[in-house]
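S.K.: here is the input, now give the coordinates:
(chains A and B)
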Amino acid sequence: MTAVNDVQSGGPDDGKVRVEGAWARQAPMMKGDSMAGSGNGAVYLTIVNTGGAPDALLSASSDVAATVEVHESYQESGMMMMRPVPKLGVPAGGKLEMKPGGYHLMLLNLKRQLKAGQVVNLTLVFEKAGRLAVKAKVK
Amino acid sequence: MRCKLLAFLLVMGLTLPAAAGENPGFKGGAFDPPRPAPDFTLKGSNGSELRLSRYRGKVVALGFGYTFCPDVCPTTLADLAQVRKRLGAAANQLQVVYVTVDPERDSPERLRAYLGAFDKTFVGATGTAEELARVRKAYGISAVKKTFEGTSAAYLVHHSSFIYLIDPMGNLRIMLPFGRSVDDAVHDVKMLLKR
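M.R.: From the prediction side, this is the model:
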């Protein structure tokens, strides 16, 4: 059911990651005004580190949003909170799963509406593995 | 004779049928005893006044969030949209009301566009900071504005993320924390519609 991307990085020898199951939540794009942007979205995926050394996701970008950031949702004091994650580690031979209520790629200031069935293009930048192109299916 | 029967039943760990009020097996946290859901009047995303008690006769799923929320709120709303789908013919008996915790940015129009993407029947509510704070207090909901270094988001709002289920008589019945399954929510809504 999930879109398997199996995209491997062609980076330097010491980094080897792939991304699986990338999907984006459908989101409207609303009219922005002075204070507000047009709206935010979220992408979830699993990073698999097949290399022998830990790697880390440093940044991401996408053609559908002005900015992409890594965030983590968590619960504290009875409230759901969120914080930016500047560097998201993926252990050697391990994986990092992003899912609702946890880690996600936040799409800030959407440039268009995200409708179920569409594809969102992203570029992930890893510390060791370098740049990785990912396609996320909107649902 | 009857006393002996009673004693026998008690010894066997069985109870005679109890009066209504025994735990009916809700999946979410049940308010026991039920109490009236605090009524409120706010500005509805449909352009008119939103008075909670106007939805009596239906089950209301009441939630709190904001349109700039990328993860938690869309997940909650997508789940509620799924709940409606799974109710089939009974879907019209469930009304989702979503109150903003970010009135500075969430105008009625913005709420309508945002909620409509999940389900056209969802209604949003906004108002002045004071009005909204009163409603949050009545429902035990916390909300805190948070600015950060390291993000280009203007600000985030940390907020309680559970859903209240209010029965057709206007009583607070169930609390579903964030992350409870669609199955659980459908189960509890159906139970509330039965009575």
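S.K.: could you give the bridge partners of the most centrally placed residue in chain A?
M.R.: In chain A, the residue lying closest to the centroid (Cα atoms, centre = their mean) is A:L105, at 3.3 Å. As for beta bridges, A:L105 partners with A:V43, A:V70 under DSSP bridges.
S.K.: return the residues in contact with it.
M.R.: Counting by Cβ atoms under 8 Å, 6 or more residues apart in numbering or on different chains, A:L105 makes contact with A:A42, A:V43, A:Y44, A:L45, A:A60, A:V68, A:E69, A:V70, A:H71, A:M98, A:L122. In this view, the C-beta of every residue, glycine as well, is placed from N, C-alpha and C.
S.K.: report all helices and strands that the top helix by length along chain B contacts.
M.R.: For chain B, the longest helix by residue count, based on DSSP state H, is helix B:72-87. Applying 3 or more Cβ pairs under 8 Å, 6 or more residues apart in numbering or on different chains; DSSP states H and E, we find helix B:72-87 packed against strand B:59-65, strand B:94-100, helix B:182-194.
S.K.: got the buried residues for it?
M.R.: B:72-84, B:86-87 (16 or more other Cβ atoms under 10 Å in any protein chain shown).
S.K.: now do stretch A:113-120
M.R.: In stretch A:113-120, residues buried by neighbour count (16+ other Cβ under 10 Å) are A:Q113, A:L114, A:V120.
S.K.: for the record, mean pLDDT for that stretch?
M.R.: For stretch A:113-120, mean pLDDT rounds to 95.
S.K.: that stretch spans what distance, first to last residue?
M.R.: 11 Å (Cα to Cα, to the nearest Å).
S.K.: strands along the chain, start to end?
M.R.: Just going to use chain A. Ranges of strands within chain A are A:7-8, A:17-24, A:41-49, A:55-62, A:65-76, A:79-84, A:88-90, A:95-97, A:103-110, A:119-126, A:130-138, based on DSSP state E.
S.K.: sorry, should have said chain B
M.R.: B:29-36, B:41-44, B:49-51, B:59-65, B:94-100, B:123-126, B:143-146, B:156-159, B:163-166, B:171-176.
S.K.: could those go into TSV alongside mean neighbour count, distance to chain A and mean pLDDT?
M.R.: As requested, the strands of chain B are arranged in TSV below (neighbours: other Cβ atoms under 10 Å in any protein chain shown; distance: least, Cβ to the nearest Cβ, whole Å; pLDDT from 0 to 100):
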stretch	mean neighbour count	distance to chain A	mean pLDDT
strand B:29-36	13	13	93
strand B:41-44	20	17	98
strand B:49-51	15	20	98
strand B:59-65	24	9	98
strand B:94-100	25	12	98
strand B:123-126	26	12	98
strand B:143-146	14	7	94
strand B:156-159	24	4	95
strand B:163-166	24	12	98
strand B:171-176	21	11	97
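S.K.: got a markdown table for those strands, with distance to A:K139 too?
M.R.: Compiled in a markdown table, the strands of chain B are given as follows (distance: least, Cβ to Cβ, whole Å):
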| stretch | distance to A:K139 |
| --- | --- |
| strand B:29-36 | 30 |
| strand B:41-44 | 29 |
| strand B:49-51 | 30 |
| strand B:59-65 | 20 |
| strand B:94-100 | 20 |
| strand B:123-126 | 23 |
| strand B:143-146 | 29 |
| strand B:156-159 | 24 |
| strand B:163-166 | 22 |
| strand B:171-176 | 23 |
